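Undergrad: pasting the structure only:
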């Protein structure tokens, strides 16, 4: 079975049936509660909403709907999704949403059992982050036409994303007050609304200063705009728009667009730092990872790089 692509799911979403009336209030109450208790970021809440609403539609109110589902119903739904071609990563995310939903109902005394208790998450393939070579990064950063206000903005965005290892959601929502050029630091609000300070290098600071002096005033005009990066309508670019920009500039730089994504710049930031001897704990702080184990995957990337160097240059490799 071929895995579903995002385009397939967007096409299917056009004609989605409504969420059953009995399930919608339960989902809304759960999302409100988990936001208040855990301060989850908006993309995570949206993901939980989509997954729970998808299961509710599949149940369609049968046998008490979503809130009354038992382990057999969850197993049947996961099996159906597997047959339909949903990826293991997508099913693991769904199971995470269901665990949180039923744990919430247990805490509130709305259920006496947890139907997700004995469900094993699908095994996820261990994939290494895809990092660009430093020469490819140089070509990508040089691709925008800095003679235009939008091109200059794009150069500053690409430089900052690579120099600071930002997530794309962090980049496009940066407030204008996040940058302190005098001290050369950037304040970033990441997952879980956690703040971190990231130092700016000379190159990224130069392009930010140039953008703020020349491009941003031309794009924003006399309007008061709270965001650092703005477009022709004085609104910040969306994640999807920035994704398209990265693909376009990759093609212009001679890089296969399939090999790159906005997150690839973050991976490249981490990999290049480790290749040049950065400390893993410091990298964790720069990336905003809550757990060091999340950061440790980059040591595998660096190890692969060393193996390739050894294979190319050692006489007995």
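TA: Perfect, thanks for sending it. The structure displayed is predicted, hence computed values, not measured ones.
Undergrad: which residues are contacting stretch 222-232?
TA: With Cβ atoms under 8 Å, 6 or more residues apart in numbering as the test, stretch 222-232 has contacts from 150, 153, 156-157, 171-176, 178-179, 216, 219-220, 234-237, 241. Any C-beta I mention is one placed from the backbone N, CA and C, and that applies to glycine too.
Undergrad: In strands only, show me these.
TA: residue 179 (DSSP state E).
Undergrad: Got a ChimeraX select line for the buried ones in the contacts of stretch 222-232?
TA: With 16 or more other Cβ atoms under 10 Å as the criterion, this ChimeraX line picks the buried residues out of these:
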select :150,153,156,157,171,172,173,174,178,179,216,219,220,236,237
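Undergrad: list the helices and strands the lengthiest helix in the chain packs on?
TA: If you go by DSSP state H, the chain has its longest helix at helix 88-107. With contacts taken as 3 or more Cβ pairs under 8 Å, 6 or more residues apart in numbering; DSSP states H and E, helix 88-107 sits against helix 24-38, helix 42-59, helix 71-84.
Undergrad: Pull out the buried residues from it.
TA: Under the neighbour-count criterion of 16+ other Cβ under 10 Å, helix 88-107 has 90-91, 93-105 buried.
Undergrad: now do stretch 207-221
TA: Quick answer for stretch 207-221 (16+ other Cβ under 10 Å): 207-208, 211, 215-216, 219-220.
Undergrad: any idea which of the buried residues of helix 88-107 is closest to residue 201?
TA: Nearest to residue 201 out of the buried residues of helix 88-107 is residue 93 (Cβ to Cβ; 34.5 Å).
Undergrad: Run through the stretch 51-200 of the chain and note the low-pLDDT ranges.
TA: Along the stretch 51-200 of the chain, segments meeting pLDDT under 70 span 124-129.
Undergrad: and the nearest residue to residue 280 once chain neighbours are set aside, what does it touch?
TA: Ranked by Cβ to Cβ, 6 or more residues apart in numbering and with sequence neighbours excluded, the top spatial neighbour of residue 280 is residue 295, at 6.0 Å. Residue 295 sits next to 270, 280, 283-284, 287, 289 when contact means Cβ under 8 Å, 6+ apart.
Undergrad: Noted, bye for now.
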